[in-house]
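> Sequence and computational prediction follow.
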Amino acid sequence: MFKKVKGRRLVALSAIAVAISIFLWGASYRVSAVSTKAYENIRIFTDALSIVQDNYVEEVDPKNLIYGAVKGMLQGLDPHSSFMTPEEYKEMQVETKGSFGGIGIEIGIRDGMLTVVAPIEDTPAFKAGIKAGDRIVKIGDKYTKDMSINDAVKLMRGPKGAKVSIWILREGWKDPQEFAITRDIIAVKSVKYKALEDGFGYIRISQFQEKTAGDLEDALNKLGSSEGKLKGLILDLRNNPGGLLQQAVEVSDKFLDSGLIVYTKGRAPGQDMRFEAREEGTQPNYPMIVMVNGGSASASEIVAGALQDHKRAVILGTQTFGKGSVQTIIPLSDGSAIRLTTSQYYTPSGRSIQAKGIEPDIIIAGDGASGHIKEKDLERHLEAEGAEPQKPEKPEKKIKVEEKTEKEKEEAEDIQLKRALDYLKSWYIFQGTFKKPA
């Protein structure tokens, strides 16, 4: 199922995350010679470097000047390309294990301001009441105007038990408010599950980490899948920012016995990959609903898109984030690294979800979805390119369900989960209704 690759390259499919970013080893990379035209422009850079070194009021370390220039170059490309110092690169490698000191939020830039994409469940930021759409005005004593995402991440990370103050401006507030948050070890549990009534199961995947597919298999077995007792499944991918491409493929593969799961297309050789489902280990064909929202990004959208295209599951909730790009981590000679957007991924039917997202089959709001920022809201985001989506012979109808009633808001229940369970029950009711008598 997986293409064998070699060399030192990492491929990332997660949303911008303070809490965690997850990567996959990929193909080797080459460094090309600089063209004559590019060399002429490089002279401008070298002249500016020389002027700063010779005339700036204080002596400046040349490495800091180079790092700053590379950082600015990558920031000007798209929201997900960036430069990492050797220390930041080492920290990123630790993050792939899903455990480090921080507060637990995904962030992006919207309208020039540092903005919360989503707080990660069961983290200090989540417990402190940080919400999607919150604008981060200040971190500690530093204002965030013109601050890069990497610099913001560095300020919010730190040892367990240490406090950090962030000043939040929320819609409807006149002035920013301070949130004093105590850092903790962010070790997000990837899979949680519970049995619902009448043999239906609920599984939540909060991030796609190294052991997600295995933990999902264990959860399914504990819900009775291996014994044929599972009548239907609700897979919750809401506020899941993404993670390992390999794990997204393996999770999809558990519910598909054949066919394409996802493919990527890039400009350079070696960036095109295809991932196929296998029959071995496929789950029984019980009814299935996948819940998504504006915080469902990247790897979450791969799973939702694959199951939707193959008609294996009904997608319920609100429009997803729309991150359909792949980031490659390319180490440099001094231990630093470049995180570079190198390709886009597509669902089995050829849909690029970049800046679009996955549209649910059943649209149900009620989870605060209106507060989520989307990929299309981020500055310098890429527009969808490449393959055109295959148009169905007949337009597919979407079901839109109105938001919570006032009574439901007062009860503060998870209306999306409740509706998902109702739909699964209805499947069996209608199946029984249409059975012919003996």
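Received it, and whenever you're ready, just let me know what you need. Numbering: from 1, shown residues only.

> only C-alpha atoms for contact and neighbour calcs from this point on.
OK.

> Tell me where the chain has helices.
Here the chain has its helices, by DSSP state H, at 36-55, 62-75, 86-95, 124-128, 149-156, 212-222, 245-253, 299-309, 406-411, 415-434.

> Which of those has the highest mean neighbour count?
By mean neighbour count, with neighbours taken as mean count of other Cα atoms under 10 Å, helix 299-309 ranks first of the helices of the chain at a mean of 26.

> Which strands or helices does that helix pack on?
strand 242-243, helix 245-253, strand 260-266, strand 314-317 (3 or more Cα pairs under 8 Å, 6 or more residues apart in numbering; DSSP states H and E).

> which other residues reach it?
Applying Cα atoms under 8 Å, 6 or more residues apart in numbering, the external contacts of helix 299-309 come out as 13-14, 208, 237, 240-245, 248-249, 251-252, 255-256, 260-262, 290, 292, 313-315, 320, 322-323, 346-349, 357-358.

> again, only this time at 7 Å
13-14, 237, 240, 242-245, 248, 252, 261-262, 290, 313-315, 347-349, 358 (Cα atoms under 7 Å, 6 or more residues apart in numbering).

> Buried among those residues? Make that a PyMOL selection.
Command for PyMOL, covering only those of the contacts of helix 299-309 found buried under the criterion 16 or more other Cα atoms under 10 Å:
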select buried, resi 13+14+237+240+242+243+244+245+248+252+261+262+290+313+314+315+347+348+349+358
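
> List the buried residues in stretch 196-208.
Buried residues in stretch 196-208 (16+ other Cα under 10 Å): 200, 201, 202, 203, 204, 205, 206, 207, 208.

> Pretty sure the third one sits against residue 235.
When you say that, I think you mean residue 202. Yes. Between residue 202 and residue 235 there is a contact under Cα atoms under 7 Å: 6.2 Å.

> Pull up the overlap in contacts between the two.
The contact sets of residue 202 and residue 235 do not overlap (Cα under 7 Å, 6+ apart).

> Mind putting the helices and strands packed on helix 299-309 into JSON lines with distance to residue 217?
Formatted as JSON lines, the helices and strands packed on helix 299-309 follow (distance: least, Cα to Cα, whole Å):
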{"stretch": "strand 242-243", "distance to residue 217": "18"}
{"stretch": "helix 245-253", "distance to residue 217": "9"}
{"stretch": "strand 260-266", "distance to residue 217": "18"}
{"stretch": "strand 314-317", "distance to residue 217": "20"}
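
> So for residue 186, which of those sits nearest?
Closest approach to residue 186 among the helices and strands packed on helix 299-309 is made by strand 242-243 (14.9 Å; Cα to Cα).

> Does that closest one pack against any helices or strands, and if so which?
Strand 242-243 sits against strand 10-14, helix 299-309, with contacts defined as 3 or more Cα pairs under 7 Å, 6 or more residues apart in numbering; DSSP states H and E.

> Now the weakest link among the ones you listed, please, by mean pLDDT.
Looking at the helices and strands packed on strand 242-243, the lowest mean pLDDT belongs to strand 10-14 (a mean of 48).

> which stretches of the stretch 251-400 of the chain have low pLDDT?
For the stretch 251-400 of the chain, applying pLDDT under 70 flags the ranges 366-381, 384-400.
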